[in-house]
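Chemist: Mind looking at a prediction? Sequence and model below.
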Amino acid sequence: MKVPILDLKPAADELRPALDAAYRRVMDSGWLLLGHELESFEAEYAASVGVAHCIGVANGLEALQLVLMARGVGPGDEVIVPSHGYIATWLAVTHVGARPVPCEPDPLTYNLDPARLAALITPRTKVILPIHLYGQTAEMPAINALAAHHGLFVLEDAAQSHGARCHGRASGALGHAAGISFYPSKNLGALADAGAVTTDDATLADQLRHLRNYGSKVRYHNEVLGLNSRLSELQAAFLRAQLPHLAAWNARRTPLAARYLAQLAPLAAAGHLTLPHVPAWADPVWHLFVIRTARRDALQAHLAAHGVGTGIHYPIPPHLSPAYRGAGWQRGDFPLAEKFADEVLSLPIGPHHTAAQIDFVCATVSDFFKK
Ligand SMILES: *Cc1c(COP(=O)(O)O)cnc(C)c1O
């Protein structure tokens, strides 16, 4: 049996008629940027999250960057980011000239640990930027309470958490604004790069509509220094074809995750590996199913030899990435992020994986630890 980590083809096959119709609609309209498809998708996505505004942009990184630009975050400012996560979150901060201040994760959920936040807040702190990593939201009530106390802006990185909930409230509606990615492998993915910002803040929404379009609302009248960061009509139309399926596709991941949790529990009890932890208030969408083991590389090779694809999210913590050499961080600065980078392994999970495939992965993992 072959179990790919990710296979986008069955999703495309299931939606082929709707995707074909979306393509024809855009071609028939003769309009490729900033038109009806984008406006419609923005309204539909905002409604699905339960916020007043959605602003489509070119990708998830620029969604985050544009919000920081709109807030005037820049040189001399600090933004608190997770030490364990994807480098794009840090890059958004660095690209506006501000400094990412890493916060270590909660060792059970891997998300930014609210208990460690207070000690990192300085007079220069402007924004707290949690990631809802692997499809499960960060502990937002605690983060929001601290932010409110210090007058800080909360920007969610909701790239991996489309449809996830925290105390019943949707990811993308848990802070002042959220940056979202529709990169093809995300739970809601376009057929190329795409992203969005969600927010209830009408002023911010208006600023973002300028900033994504060279800083102009009226063509050739440039009021602020913007980017070119637009979500195309074609990608908006493809996203509209998929959005109605998001909840059902997320729901198909849940029993697969339950299968992993049940079948791998004995290995966790024996101390061979660590399983994902889901707090009672969390409602994850299983963007990734991530286990941890000290024998990660050998397990990954064993799985590969038996036809099981896996991933590592992520192998090098941002502070040790060559891109951030010169920023002054070194090994030992963020021990949890470093340990997790050495131990995490993402097992296949997606709406088109079968129970039999998950059972095969579990059996193959169990075999490995019997040796
Ligand atoms: C994918 C991702 C991003 C970046 O999104 P792009 O659309 O690829 O720019 C940012 N943060 C996290 C946590 C992501 O997973």
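Modeler: Perfect, thanks for sending it.
Chemist: And the residue of the chain closest to the ligand?
Modeler: Taking C-beta to the nearest ligand atom, the ligand has its nearest neighbour within the chain at residue 60, 2.4 Å off. All C-beta spots, glycine's among them, are computed from the backbone N, C-alpha and C.
Chemist: Please point out which parts of stretch 89-102 sit buried.
Modeler: 89, 90, 91, 92, 93, 94, 96, 98, 99, 100, 101, 102 (16 or more other C-beta atoms under 10 Å).
Chemist: in which helix or strand would I find the third one?
Modeler: Element membership for residue 91 (DSSP states H and E) is helix 87-95.
Chemist: What are the boundaries of the helices in the stretch 251-371 of the chain?
Modeler: 296-305, 335-343, 355-370 (DSSP state H, counting those that start in this stretch).
Chemist: TSV please, covering those and showing mean pLDDT.
Modeler: Listed next are the helices of the stretch 251-371 of the chain as TSV, based on pLDDT from 0 to 100:
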stretch	mean pLDDT
helix 296-305	98
helix 335-343	98
helix 355-370	98
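Chemist: Which of those sits closest to residue 221?
Modeler: With C-beta to C-beta as the measure, helix 335-343 is the member of the helices of the stretch 251-371 of the chain nearest residue 221 (44.9 Å).
Chemist: wait, does that closest one contact the ligand?
Modeler: No: using C-beta under 6 Å from any ligand atom, helix 335-343 stays clear of the ligand, with a minimum separation of 13.9 Å.
Chemist: picking that back up, for the residue of the chain closest to the ligand, give me the backbone phi and psi.
Modeler: phi -70, psi -40 (degrees, to the nearest 10).
Chemist: The ligand contacts on this protein?
Modeler: Checking the chain against the ligand by C-beta under 6 Å from any ligand atom, the hits are 59-61, 85-86, 88-89, 131, 157, 159-160, 181, 183, 193, 195.
Chemist: wait, what's in contact with residue 365?
Modeler: Taking C-beta atoms under 8 Å, 6 or more residues apart in numbering as the contact definition, residue 365 lies against 264, 267, 273, 299, 303, 347.
Chemist: Of those residues, which is the most crowded?
Modeler: residue 347 (26 neighbours; other C-beta atoms under 10 Å).
Chemist: Just give the number of residues close to the closest residue to that residue other than its chain neighbours.
Modeler: Distances taken as C-beta to C-beta, 6 or more residues apart in numbering place residue 289 nearest to residue 347, at 4.9 Å, with adjacent residues excluded. Neighbourhood size, residue 289 [other C-beta under 10 Å]: 26.
Chemist: what do you get for residue 124?
Modeler: With other C-beta under 10 Å as criterion, residue 124 counts 12.
Chemist: From what I see, it and residue 77 are in contact.
Modeler: Yes: if you go by C-beta atoms under 8 Å, residue 124 and residue 77 touch, sitting 5.8 Å apart.
Chemist: which neighbours do those two share?
Modeler: With C-beta under 8 Å, 6+ apart, residue 124 and residue 77 have common neighbours residue 99.
Chemist: which one of the contacts of residue 365 is nearest residue 172?
Modeler: For the contacts of residue 365, the nearest to residue 172 is residue 347 (26.0 Å; C-beta to C-beta).
Chemist: Let me see the confidence value for residue 294.
Modeler: pLDDT, residue 294: 98.
Chemist: Now do the contacts for it.
Modeler: With C-beta under 8 Å, 6+ apart, residue 294 has these contacts: 342, 343.
Chemist: on that earlier part again, out of the contacts of residue 365, which one sits closest to residue 10?
Modeler: The closest of the contacts of residue 365, once distances to residue 10 are taken by C-beta to C-beta, is residue 347, at 18.0 Å.
Chemist: From residue 319, how far out is the closest one?
Modeler: 26 Å (C-beta to C-beta, to the nearest Å).
Chemist: how many neighbours does residue 224 have?
Modeler: Residue 224, neighbours per other C-beta under 10 Å, totals 13.
Chemist: That one against residue 210, yeah?
Modeler: Yes: with contact defined as C-beta under 8 Å, residue 224 and residue 210 form a contacting pair (5.9 Å).
Chemist: so when I look at residue 196, I'm seeing a strand, right?
Modeler: Yes: assessed with DSSP: H, G, I helix; E, B strand; the rest coil, residue 196 lies in a strand.
Chemist: Can you verify my assumption that it contacts residue 183?
Modeler: No: with contact defined as C-beta under 8 Å, residue 196 does not reach residue 183; the gap is 11.8 Å.
Chemist: Counting neighbours, go ahead and name the busier of these two.
Modeler: For residue 196 versus residue 183, the count of surrounding residues by other C-beta under 10 Å is larger for residue 196: 31 against 18.
Chemist: residue contacts, the more buried one?
Modeler: Residue 196 touches 42, 45, 54, 55, 56, 57, 63, 180, 182, 231, counting by C-beta under 8 Å, 6+ apart.
Chemist: Now, of the residues you listed, which are buried?
Modeler: Buried among those by 16+ other C-beta under 10 Å: 42, 45, 54, 55, 56, 57, 63, 180, 182, 231.
Chemist: per the record, what domains does the protein have?
Modeler: 9-245, 246-370 (automatic domain parsing).
Chemist: what helix or strand is residue 74 on?
Modeler: With DSSP H and E as the criterion, residue 74 is inside neither a helix nor a strand.
Chemist: check contacts around it.
Modeler: Residue 74 neighbours (C-beta under 8 Å, 6+ apart): 96, 97, 98.
Chemist: Just say helix, strand or coil for the spatially closest residue to it that is not a sequence neighbour.
Modeler: Among residues not flanking residue 74 along the chain, residue 97 sits closest, at 4.6 Å (C-beta to C-beta, 6+ apart). Here residue 97 is recorded as coil under three-state DSSP.
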